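**Q** Have a look at this fold, sequence not included:
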Ligand SMILES: Nc1ncnc2c1ncn2[C@@H]1O[C@H](COP(=O)(O)OP(=O)(O)O)[C@@H](O)[C@H]1O
Ligand SMILES: O=C(CO)[C@H](O)[C@H](O)COP(=O)(O)O
């Protein structure tokens with residue numbers, strides 16, 4: 001029996017899963033990863049730390065699965081779209097003020113390059129049409145410009161700049177191949193023309209990269225799942241506990257692996273579903289909304305269109321919310337009842353979210369009651385800006401309707417209102433996609449927070465769309481494992497892997513009647529609050545400049 005390993009490096013942890021050719025997960029394991037936050041919107045990680053977390057997770061998952069390590073036919077990697085900077089020998093270079101070479105990763109959520117982002121966008125270069133009209137500070141191009149301007153020694157000394165998932169395949173195989181997914185979505189590579197745009201790099205201040213023929217950011221660009229190098233090197237195989245030469249698939253960004261592991265899955269009757277009628281919603285630290293179209297769709301403020309970045313032959317638009325699970329975590333930290341609720345949850349041996357969901361379920365027996373429970377409390381949870389469709393990294397969160405309540409029941413209402421705010425943000429993205437030619441019928445949910453039934457039901461009711469649940473408990477890991485299966489030669493491409501390895505398990509339909517009416521009103525208020533926050537910022541900007 002052939003088995004495959006999928007590795008997913010999220011913001012908070014590295015996970016590994018072992019899957020068979022039907023997509024059944026035989027075992028999984030997880031390790032935390034270190035993260036440093038500093039003033040100035042600086043967020044950094046360490047490639048060495050991530051590799052040791054990945055190695056430990058793979059070894060444990062394979063051991064728990066009971067399969068012989070040499071029956072693993074292929075391994076695939078996905079990761080957050082963070083920037084890794086390394087020397088010729090593969091060791092890290094410092095990327096921030098700490099000067100610590102162990103901190104060699106600028107994390108996707110790091111917003112240090114806001115000024116560089118603004119200047120790049122002011123060029124209005126035609127390349128920007130393929131990233132939603134403007135680059136985001138979460139992409140790699142502004143981060144590279146920040147390094148060139150603010151840490152020229154690191155920029156000059158670097159032998160390679162990688163997206164984290166490409167770094168993982170480099171670490172595993174020694175190959176400098178880059179995935180078309182990472183370069184197209186985060187580095188302004190034009191996949192539909194198979195080229196970098198030299199003029200763009202010269203105009204924005206990164207002529208050095210063009211002068212050297214883009215060798216440090218990638219010249220050999222391959223489709224996700226392409227077998228790269230000669231498979232695992234001896235050293236990487238020893239670290240992961242696998243056979244040297246095990247096939248390694250070109251990688252995907254984590255959200256895209258979630259899309260691969262869930263979009264286009266067979267429905268409950270075993271029929272193939274249409275990937276262009278589905279939007280993947282990968283709800284973890286951030287939330288990523290992935291929509292595929294046969295023709296390019298230019299949606300202002302929504303990243304893309306990216307050719308072949310997730311599914312072969314299809315264009316991808318990627319909307320999202322920069323802080324999703326992170327916004328809920330932060331919202332809960334602001335409430336005075338959280339320490340008591342956390343202690344109560346620990347005493348009962350359950351998680352804080354489970355406790356809050358129990359309180360909500362006890363208070364609200366149906367969709368209308370759930371909608372009423374948070375009717376007076378409105379949250380626009382944009383603590384880290386609006387990624388889409390406003391492409392407004394400076395936006396900040398708004399809460400309307402707070403009273404003096406400080407008990408656990410009011411914490412549960414705040415949690416519910418925060419989840420509602422994320423769902424309305426998702427609705428705004430789907431509406432923007434549909435207004436520009438997408439035909440989304442179903443949202444397929446995955447990611448850590450996507451495993452909660454409350455989240456699933458609320459998302460259906462608040463967006464007014466059907467929410468489909470993949471059968472796989474870990475669709476992101478499954479997507480990564482599919483890359484290994486394709487690299488092993490067991491499927492001709494990722495679409496074929498989807499056809500055999502993934503299925504939907506259930507569909508939540510939106511509740512009609514009063515619940516829909518309450519959510520429609522709350523959505524309108526969400527949009528009002530978003531506009532009010534923008535106006536407030538503009539007004540204060542004028543006052544501060546006067
Ligand atoms: N039931 C839930 N409701 C809201 N947020 C949740 C829930 N379960 C998990 N989360 C949030 O999801 C995030 C973790 O999701 P995960 O997919 O593991 O993240 P990542 O891949 O970014 O490391 C955390 O921010 C966590 O607080
Ligand atoms: O930008 C992204 C995908 O394009 C992701 O949001 C980013 O990589 C973080 O992912 P996660 O929420 O899983 O930690």
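**A** Okay, I see it. Owing to the predicted nature of the structure, the values given are computational and were not obtained by experimental measurement. Ligands and ions are numbered 1, 2, ... in the order given.
**Q** Assign the residue of the stretch 101-250 of the chain found nearest ligand 2 to helix, strand or coil.
**A** With distances taken as CB to the nearest ligand atom, the stretch 101-250 of the chain approaches ligand 2 most closely at residue 108, which sits 4.4 Å away. Where C-beta positions appear, they are placed from N, C-alpha and C, glycine not excepted. Using DSSP: H, G, I helix; E, B strand; the rest coil, the three-state assignment for residue 108 comes out as coil.
**Q** just residue 59 next, same as before
**A** Following three-state DSSP, residue 59 is assigned to helix.
**Q** Just give the nearest non-adjacent residue to it, would you?
**A** residue 241 (4.1 Å; CB to CB, 6 or more residues apart in numbering).
**Q** near ligand 1, which residues of this protein?
**A** Among all residues of the chain, those adjacent to ligand 1 (criterion: CB under 6 Å from any ligand atom) are 10-13, 284-285, 325-326, 328-329, 353, 447-449, 452, 455.
**Q** I'd like to know which of these are part of strands.
**A** residue 13 (DSSP state E).
**Q** Considering the residues of the chain next to ligand 1, which possesses the most neighbours?
**A** For these, neighbours were counted using other CB atoms under 10 Å, and residue 447 has the most, 26 neighbours in all.
**Q** Does that residue touch residue 287 like I think?
**A** Yes: with contacts defined as CB atoms under 8 Å, residue 447 counts as touching residue 287 at a distance of 7.3 Å.
**Q** Can you pull the residues that touch both of these two?
**A** Shared between the contact lists of residue 447 and residue 287 (criterion: CB atoms under 8 Å, 6 or more residues apart in numbering) are residues 281, 325.
**Q** can you tell if the helix or strand harbouring residue 250 touches ligand 2?
**A** Following DSSP states H and E, one finds residue 250 within strand 247-253. Yes: looking at strand 247-253 against ligand 2 by CB under 6 Å from any ligand atom, the contacts come from residue 253.
**Q** residues of the helix or strand following that strand that come out buried?
**A** Where DSSP H and E defines the elements, the next helix or strand beyond strand 247-253 is helix 254-260. Applying a neighbour-count criterion of 16 or more other CB atoms under 10 Å, the buried positions in helix 254-260 are 254-260.
**Q** Now tabulate those in a markdown table and tack on pLDDT.
**A** Compiled in a markdown table, these are given as follows (pLDDT from 0 to 100):
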| residue | pLDDT |
| --- | --- |
| 254 | 97 |
| 255 | 97 |
| 256 | 98 |
| 257 | 98 |
| 258 | 97 |
| 259 | 97 |
| 260 | 97 |
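**Q** Do I have it right that residue 487 meets residue 227?
**A** Yes: with contacts counted by CB under 8 Å, residue 487 reaches residue 227, the gap being 4.1 Å.
**Q** neighbour count winner among these two?
**A** Applying other CB under 10 Å to residue 487 and residue 227 shows that residue 487 carries more neighbours, namely 26 against 21.
**Q** if I pick the more buried one, what's in contact with it?
**A** 74-76, 225-228, 247-250.
**Q** who wins for neighbours among those?
**A** Comparing these on neighbour count, residue 76 comes out first with 37 neighbours (neighbours: other CB under 10 Å).
**Q** quick check: mean pLDDT across stretch 419-427?
**A** If you average the pLDDT over stretch 419-427, you get 98.
**Q** Stretch 138-149 now?
**A** Here stretch 138-149 scores 98 as its mean pLDDT.
**Q** List the buried residues of that stretch.
**A** With the criterion 16+ other CB under 10 Å, stretch 138-149 contains buried residues 138-148.
**Q** hmm, back to that, need the contacts of residue 487 in a markdown table with distance to residue 344 and pLDDT, can you?
**A** Supplementary listing: the contacts of residue 487 in a markdown table, determined by distance: CB to CB, whole Å; pLDDT from 0 to 100:
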| residue | distance to residue 344 | pLDDT |
| --- | --- | --- |
| 74 | 45 | 98 |
| 75 | 41 | 99 |
| 76 | 40 | 99 |
| 225 | 46 | 98 |
| 226 | 50 | 98 |
| 227 | 51 | 98 |
| 228 | 49 | 97 |
| 247 | 48 | 98 |
| 248 | 45 | 99 |
| 249 | 44 | 98 |
| 250 | 46 | 98 |
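**Q** Quick check: buried residues in stretch 84-96?
**A** 84-86, 92-96.
**Q** so how far does that stretch reach from one end to the other?
**A** Using CA to CA, to the nearest Å, the span of stretch 84-96 from its first residue to its last is 12 Å.
**Q** does any part of it sit near ligand 2?
**A** No: among the residues of stretch 84-96, none lie within reach of ligand 2 under CB under 6 Å from any ligand atom; the closest is 13.1 Å away.
**Q** low-confidence ranges in the stretch 301-450 of the chain?
**A** Confidence mapping of the stretch 301-450 of the chain against pLDDT under 70 gives zero matching residues.
**Q** quick one: the strands in it?
**A** 303-307, 315-321, 378-380, 398-400, 442-446 (DSSP state E, counting those that start in this stretch).
**Q** pLDDT averaged over the longest helix anywhere in the chain, what's the number?
**A** With DSSP state H setting the assignment, residue counts place helix 514-545 as the longest helix in the chain. The average pLDDT for helix 514-545 rounds to 98.
**Q** same check, this time on stretch 470-478
**A** Per-residue confidence for stretch 470-478 averages out to 96 on the pLDDT scale.
**Q** burial count for the residue of the stretch 101-250 of the chain closest to ligand 2?
**A** Around residue 108 there are 28 other residues, counting by other CB under 10 Å.
**Q** cool, and residue 220?
**A** Other residues within reach of residue 220, judged by other CB under 10 Å, total 9.
**Q** List the contacts of it.
**A** Going by CB under 8 Å, 6+ apart, the list of residues near residue 220 reads 176-178.
**Q** How many residues are close by residue 394?
**A** Applying other CB under 10 Å, we find 15 residues neighbouring residue 394.
**Q** In strands, which of the contacts of residue 220 appear?
**A** Taking DSSP E, the ones among the contacts of residue 220 that sit in strands are residue 178.
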